[in-house]
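Participant: heads up, no residue letters with this:
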C-alpha cells in the first residue's frame, strides 16, 4: 500500500511535464496572436487560416504526446486524477504566463 508521501514525486513530475507542454503550446499559439492582433476586423486568407489550424493541431498532438510520456515516466502509465490535475495545472500556468509576457 502506498501513502501520500510516495505520490509526491509523481505529482511533481507531472507538474514539470505540464510546464513543458504549456510552454510548447504557448509558443505555437504565439504566431496566431501576433497575426490576429494586426488583422483586427479583416478576414484572414485561406492559406493563413490553414497554417494556423495546422499549428493548433500540432500543439494538441504535442500536448497529448507530452501527457503520455509524462505519465509513463512518472508512474508507469497509471492514470491518476492528481497526476492529470498536476499536468494541466502546470500547462495552464505556463501558458498564462507566456500570454501575459507577450501580451497576446
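Facilitator: Received, thanks. Predicted model, so just to flag it, every value in this text is computed and none were measured. Numbering: from 1, shown residues only.
Participant: May I ask you to name the longest helix in this structure?
Facilitator: The longest helix of the chain (DSSP state H) is helix 4-38.
Participant: and the residue nearest the centre of the chain, what does it touch?
Facilitator: For the chain, residue 22 is the residue whose C-alpha lies nearest the centre (CA atoms, centre = their mean; 3.1 Å). For residue 22, the contacting residues are 90, 91, 92, 93, 94, 95, 98, by CB atoms under 8 Å, 6 or more residues apart in numbering. The way it works is simple: take the backbone N, C-alpha and C, and place the C-beta from them, glycine included.
Participant: so the third one is in which element?
Facilitator: Taking DSSP states H and E as the definition, one finds residue 92 inside helix 81-102.
Participant: before we move on, the earlier item: so for the longest helix of the chain, what's the average pLDDT?
Facilitator: The predicted model gives helix 4-38 an average pLDDT of 85.
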